[in-house]
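**Q** Got a predicted structure here, sequence first:
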Amino acid sequence: MNQVYDIVVVGAGHAGCEAAAAAARMGQKVAMISLRADQIGRLSCNPAMGGLAKGNLVRELDALGGLMAKVTDSATLQFRILNTSKGLAVRSSRAQVDIDLYPVKMQERLAQIEGLDFLEGEVVSIKHTGGQVEGIALGDGSQIACRAVILTTGTFLGGLLHVGNQSTVGGRVGESAAHALSHSLREIGLRLGRLKTGTTPRLDGRTIRWETMEPQASVAGHFSFDPPKDRLPEILCYLAHTHEGTHQIIRDNLERSAVYGGQISGAGPRYCPSIEDKVVRFPQRDRHLLFLEPEGLNTHRVYVNGLSTSLPPDVQDKIIHSLPGLENTKIVQYGYAVEYDFSDPRDLGHDLQHKALKGLYLAGQVNGTSGYEEAAVQGFVAGVSAAQESTFRLGREEAYIGVLIDDLVTRGVGGEPYRMFTSRAEHRLLLREDNADRRLMPKGRALGLISDQSWAAFQHRKEAIASGKAALEIKVSPSKVTLKRFESAGLGPLKKPASLTEILRRPGITYTQLQSEFDLPTLSEAAAEQVETDIKYAGYLSRENARAEQVRRLAEVSLKSIAFENVPGLSSEAIERLSRIKPETLASASRLPGITPAAITAITVFLSQKKGKRPTCN
């Protein structure tokens with residue numbers, strides 16, 4: 001073989017970047033291979049990061065030492081907090097980013113990592129012997145030896161682009177697809193299926209009547225726990241709506257859509273549907289919300305979020321021109337659908353290594369997921385696991401990353417691209433954006449991926465939170481002076497002695513109010529919010545932690561050596577499913593479709609009898 005590396009990462013999207021960066025920073029010699037060197041870290045679709053549950057993933061990745069949050073902060077044009085009217089458990093951040101600057105900043109960070117090389121070429125096959133990866137072959141005939149390969153091929157495996165009844169080979173507009181590699185993976189024995197995603201028209205912002213649009217409010221936020229030193233100028237995003245006239249245009253041309261015309265066999269994302277799907281599935285809706293999102297400081301292109309479509313160009317023109325403010329707008333890139341191969345993630349372990357071929361890891365859209373953030377965290381887990389040659393695993397009670405990967409490897413994607421939602425997490429009150437550093441940064445530090453400076457800042461935040469909570473333990477009595485202070489500060493009545501902790505639990509009371517009245521330690525806004533959350537939600541958090549502990553105990557029960565056909569009381573269906581998927585722990589088995597509580601009890605009894613213990617099962 002021509003070259004030798006420890007790990008080869010195939011693909012340079014968000015999964016590939018995080019996988020290569022993590023592995024190289026952990027001391028591995030890594031090659032990242034892609035069809036084009038100028039497309040590293042490209043934003044193929046929407047130039048935005050975060051969103052509901054996705055923002056949690058970005059923050060968790062930053063707490064572990066990943067790159068996405070810091071790169072996002074360096075390219076942010078507008079920042080918003082979603083669901084502010086709801087509870088802390090479902091709030092999430094979202095950043096609009098510069099579509100050209102983001103990949104530049106990502107490439108700059110990757111270039112600084114020792115032991116990471118970028119190679120341009122097409123990987124056509126995985127070389128293996130005796131169930132172990134030993135390298136890859138390129139389209140030019142050269143080969144690279146390695147002990148692990150991480151596939152992060154996005155939408156490029158068997159990729160087809162669809163606009164109306166026209167189909168062309170490609171992984172995204174202007175780029176070719178990887179058909180030879182797809183064929184090679186089938187020969188190895190990977191179970192491949194077809195999925196579909198789509199993108200929206202891009203408009204010339206100079207032809208939009210912006211004065212008719214409703215601007216979106218924003219805040220001066222950031223994703224990384226290391227705040228950015230410099231910020232880009234803000235660019236506003238705007239709201240628009242379709243109407244019945246728009247919907248009639250779509251209904252009149254449904255048979256010309258690639259989705260409804262029969263050209264596409266793969267299922268599309270249920271929660272990010274095309275505009276055709278919205279009109280057909282929700283006929284009672286007289287309008288649908290659209291977001292006009294400028295793509296950058298040095299471009300006039302505008303992304304129309306909410307208008308994904310595969311209708312032909314002439315119909316897309318009619319749709320756009322039917323919208324108020326867009327009557328004379330020019331489309332600079334038409335929307336299209338992408339159909340591609342994915343590998344069934346149920347064939348992977350929690351390290352994202354394929355069960356049938358040691359050293360082969362898969363991460364990102366190749367596992368049937370949808371979204372930059374979902375791809376990035378998978379790349380990180382695969383990169384760390386491959387680097388340390390053991391599973392890097394986060395529990396469902398520890399991180400959204402743990403929920404995502406456990407869902408993929410135990411349940412699969414259910415015939416449509418998987419997207420992360422807060423509703424998928426049983427312990428979402430514990431898995432908030434604001435406490436991702438307290439949950440995960442010690443793990444990132446143990447991996448060697450958190451710098452001394454970031455670790456020192458984290459320790460300072462922890463100490464500040466602890467000092468604030470300790471200071472609140474002082475008690476106050478209802479003296480005349482105290483009652484007057486309470487009244488002037490709007491703290492409510494005080495009928496008997498109470499600690500400031502008890503006072504803070506009152507609705508509407510903030511740490512800052514108490515700090516100004518009672519000479520408490522001065523905390524940053526973020527630290528004060530953590531103190532308030534810990535105290536106001538103490539009862540809920542205690543119950544959630546108790547439930548999470550039960551999950552942890554189940555996760556400690558290994559099933560790796562069990563022969564399910566020997567377990568009395570298991571149905572044939574349960575034996576077949578458990579034997580095929582091979583869940584690693586009792587917790588994973590409990591979440592498999594069709595595995596009943598009775599089946600889990602039967603396994604628990606069987607394991608307890610083998611160990612000579614009385615069975616226990618919570």
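**A** Received, thanks. Please read all numbers here as calculations on a predicted model, not as lab measurements.

**Q** all contacts plus neighbour counts: C-alpha atoms, from now on.
**A** OK.

**Q** can you give me the helices for the stretch 451-600 of the chain?
**A** Residue ranges of the helices in the stretch 451-600 of the chain, as given by DSSP state H, counting those that start in this stretch, are 452-471, 480-489, 500-504, 511-518, 525-536, 538-555, 572-581, 586-590, 597-611.

**Q** domain assignment for this protein?
**A** Domain assignment of the chain by automatic domain parsing yields the ranges 3-197+339-446, 202-337, 465-541, 556-611.

**Q** before we move on, back to that, Serialize the helices of the stretch 451-600 of the chain to a markdown table and add fields for mean pLDDT and distance to S390.
**A** Shown next, in a markdown table, are the helices of the stretch 451-600 of the chain (pLDDT from 0 to 100; distance: least, Cα to Cα, whole Å):
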| stretch | mean pLDDT | distance to S390 |
| --- | --- | --- |
| helix 452-471 | 96 | 25 |
| helix 480-489 | 87 | 55 |
| helix 500-504 | 94 | 44 |
| helix 511-518 | 90 | 44 |
| helix 525-536 | 92 | 34 |
| helix 538-555 | 85 | 17 |
| helix 572-581 | 88 | 20 |
| helix 586-590 | 85 | 18 |
| helix 597-611 | 82 | 25 |
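
**Q** Which of those sits closest to E426?
**A** Among the helices of the stretch 451-600 of the chain, helix 538-555 comes nearest to E426, with 8.9 Å by Cα to Cα.

**Q** got the contact list for the closest one?
**A** The contact list for helix 538-555 (Cα atoms under 8 Å, 6 or more residues apart in numbering) reads 395, 397, 427, 429-430, 534, 585-588, 618.

**Q** Likewise for stretch 95-113?
**A** The contact list for stretch 95-113, computed with Cα under 8 Å, 6+ apart, reads 17, 21, 24-25, 39-43, 47-50, 67, 71-72, 74-80, 116, 293, 295-297.

**Q** Go again with 6 Å.
**A** Contacts with stretch 95-113, where a contact means Cα atoms under 6 Å, 6 or more residues apart in numbering, come from 41-42, 47-49, 71, 75-79, 295-296.

**Q** now do stretch 454-469
**A** With contact meaning Cα under 6 Å, 6+ apart, stretch 454-469 is reached by 527, 531.

**Q** circling back: now the helices of the stretch 451-600 of the chain in JSON lines, with distance to G359?
**A** Shown next, in JSON lines, are these (distance: least, Cα to Cα, whole Å):
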{"stretch": "helix 452-471", "distance to G359": "32"}
{"stretch": "helix 480-489", "distance to G359": "63"}
{"stretch": "helix 500-504", "distance to G359": "52"}
{"stretch": "helix 511-518", "distance to G359": "51"}
{"stretch": "helix 525-536", "distance to G359": "41"}
{"stretch": "helix 538-555", "distance to G359": "24"}
{"stretch": "helix 572-581", "distance to G359": "19"}
{"stretch": "helix 586-590", "distance to G359": "22"}
{"stretch": "helix 597-611", "distance to G359": "30"}
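
**Q** which of these sits most buried?
**A** Comparing the helices of the stretch 451-600 of the chain by mean neighbour count (mean count of other Cα atoms under 10 Å), helix 586-590 comes out on top with a mean of 22.
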